[in-house]
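# All I have is the shape, not the residue letters:
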């Protein structure tokens with residue numbers, strides 16, 4: 001198998017690494033592997049699992065996670081308040097905000113809102129493992145933060161009627177996000193290979209903001225944030241946004257990011273069209289759904305596999321992954337099988353799929369490899385954890401911690 005570190009630093013277009021089980025973009029939720037971790041999670045709302053490098057490699061991943069580790073919220077059906085003071089309640093199996101602490105706040109009250117308290121622990125890389133290191137976002141993005149604190153409708157009203165409040169909250173969010181990335185990078189003993197930033201700028205049929213408002217309020221602050229991260233780290237930057245953001249794809253490229261994780265199920269987000277507009281070196285992260293590939297393998301849906309395999313080749317340079325974090329055991333199994341399909345495609349196969357379209361023998365070879373895979377049973381989830389300290393002289397050592405120890409803390 002290709003060394004993912006070397007692949008990321010040279011012509012990634014020759015291979016398709018797989019990212020599964022790592023960040024909030026690709027991780028397994030606790031419900032997808034019940035009982036693996038009972039109280040410590042990688043994302044406090046999504047309840048994603050902070051899987052060890054050994055376990056994500058078992059899933060077929062070329063990457064391993066580093067990032068904050070949070071205590072799990074109290075339980076199903078209970079109200080829960082996060083570090084920002086936002087109230088959450090479960091609805092239809094997912095958590096939704098019901099209390100926005102700054103919904104009626106004045107400009108002066110916005111500026112005095114306390115910064116969120118970070119968790120006390122961070123997951124560190126397994127230096128004995130060859131998987132590339134990817135940093136899970138340590139916090140929500142600019143727009144997500146403002147929506148959580150202010151309420152989405154109120155914040156969008158602020159952008160049109162109360163610029164002072166909107167700018168104050170965006171400035172608060174920028175500083176909070178910058179501090180979170182600084183804290184995470186300070187707590188890691190080495191530079192990650194990839195840093196993920198996520199912010200949902202759109203919904204299925206359009207943008208939350210107009211293009212003009214995005215360029216006026218969001219884009220300059222993203223430039224500032226990424227410049228600060230670049231000053232701290234040489235890692236590749238991956239930008240994630242859900243929704244129909246086709247009209248600002250060029251702006252996202254202008255931010256100087258290395259990877260884009262976009263929603264190709266949204267309106268007008270056609271993979272071949274978006275790929276054609278991007279710089280040749282721009283990496284697409286998870287442009288094709290691994291779960292759809294795995295399900296097509298199990299159902300022997302050759303027509304779907306022909307289309308999906310061709311999409312992977314068209315998307316290159318790309319990294320394969322699920323199009324969202326994984327919620328159920330069945331979806332997890334599909335993604336694992338989809339990862340095996342992708343890993344069976346060598347450079348010649350990918351070149352042929354890109355130049356010739358679906359080639360029956362190539363698709364059959366990858367299908368056979370995916371079918372032959374035995375779905376792995378994840379081992380005890382031993383991860384390396386370090387303390388997050390607020391002062392400059394932060395600890396640079398971590399000790400292995402098991403699932404049992406995570407649960408007991």
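Ah, there it is. Just so we're clear, the structure is a prediction, and the values are computed from it rather than from any experiment.
# number of nearby residues for residue 254?
12 (other Cβ atoms under 10 Å). C-betas here are computed from N, CA, C, even on glycine.
# is it fair to say residue 333 lies in a helix?
Yes - checked against DSSP: H, G, I helix; E, B strand; the rest coil, residue 333 lies within a helix.
# Which pLDDT does the model give it?
Looking at residue 333, its pLDDT is 97.
# That one and residue 240, how far apart?
Distance, residue 333 to residue 240, using Cβ to Cβ, to the nearest Å: 24 Å.
# more neighbours, the two?
A direct count of neighbours by other Cβ under 10 Å for residue 333 and residue 240 places residue 240 higher, at 23 against 18.
# What distance do you get for the more buried one to residue 361?
35 Å.
# Then residue 354?
16 Å.
# Between those two, which is the more surrounded one?
With neighbours defined as other Cβ under 10 Å, residue 354 and residue 361 compare such that residue 354 has more, 15 against 9.
# leaving aside the residues next to it on the chain, what's closest to the more buried one?
With sequence-adjacent residues excluded and distances taken as Cβ to Cβ, 6 or more residues apart in numbering, residue 354 is closest to residue 313, at 3.8 Å.
# next one: residue 24
residue 43 (4.8 Å).
# Then residue 60?
With Cβ to Cβ, 6+ apart as the criterion, residue 60 has its nearest non-adjacent residue at 3.2 Å, and that residue is residue 339.
# contacting residues around the residue nearest to residue 354?
By Cβ atoms under 8 Å, 6 or more residues apart in numbering, the contact set of residue 313 is 350, 351, 353, 354.
# List the buried residues for stretch 234-252?
The neighbour-count check on stretch 234-252 (16 or more other Cβ atoms under 10 Å) flags 235-246, 248-249, 251-252 as buried.
# Check stretch 65-74 too.
Neighbour-count burial for stretch 65-74 flags 65, 66, 67, 68, 69, 70, 72, 73 (criterion: 16+ other Cβ under 10 Å).
# Could you pull up the contacting residues of the residue lying closest to residue 290 once chain neighbours are set aside?
Nearest non-adjacent residue to residue 290, counting by Cβ to Cβ, 6+ apart: residue 338, 3.4 Å away. With Cβ under 8 Å, 6+ apart as the criterion, the residues that contact residue 338 are 289, 290, 291, 292, 293, 294, 295, 297, 320, 322, 370.
# what about the third one, how many residues close to it?
Spelled out, that is residue 291. Residues near residue 291, counting by other Cβ under 10 Å, number 21.
# so the residue nearest to residue 52 when sequence neighbours are not counted bridges to which residues?
Take residue 52 and drop its neighbours on the chain: the residue closest to it by Cβ to Cβ, 6+ apart is residue 383, 4.7 Å away. With DSSP bridges applied, residue 383 shows beta-bridge pairing to residue 401.
# Not counting stretch 148-164 itself, show me its contacts.
84-86, 97, 100-103, 105, 107, 113, 140, 146-147, 165-166, 169, 173, 208-209, 213, 217.
# Pull out the buried positions in it.
So for stretch 148-164, counting by 16+ other Cβ under 10 Å, buried means 148, 149, 150, 151, 154, 155, 156, 158, 159.
# try stretch 354-370
Quick answer for stretch 354-370 (16+ other Cβ under 10 Å): 358, 359, 362, 363, 365, 366, 367, 369, 370.
# Show me these that map onto helices.
362, 363, 365, 366, 367, 369, 370 (DSSP state H).
# So in this structure, which helix runs the longest?
From DSSP H, the single longest helix across the chain is helix 163-187.
# Quick one: mean pLDDT for that one?
Average pLDDT, helix 163-187: 96.
# Stretch 385-405 now?
The average pLDDT within stretch 385-405 is 52.
# Over to stretch 84-95?
If you average the pLDDT over stretch 84-95, you get 86.
# List just the nearest of the buried residues of stretch 234-252 to residue 186.
Of all the buried residues of stretch 234-252, residue 235 has the smallest distance to residue 186: 14.2 Å, by Cβ to Cβ.
# quick one, what contacts that closest one?
135, 191, 192, 193, 194, 195.
# And residue 60, by the same measure?
By Cβ under 8 Å, 6+ apart, the contact set of residue 60 is 18, 20, 336, 339, 340, 343.
# Thanks a lot, catch you later.
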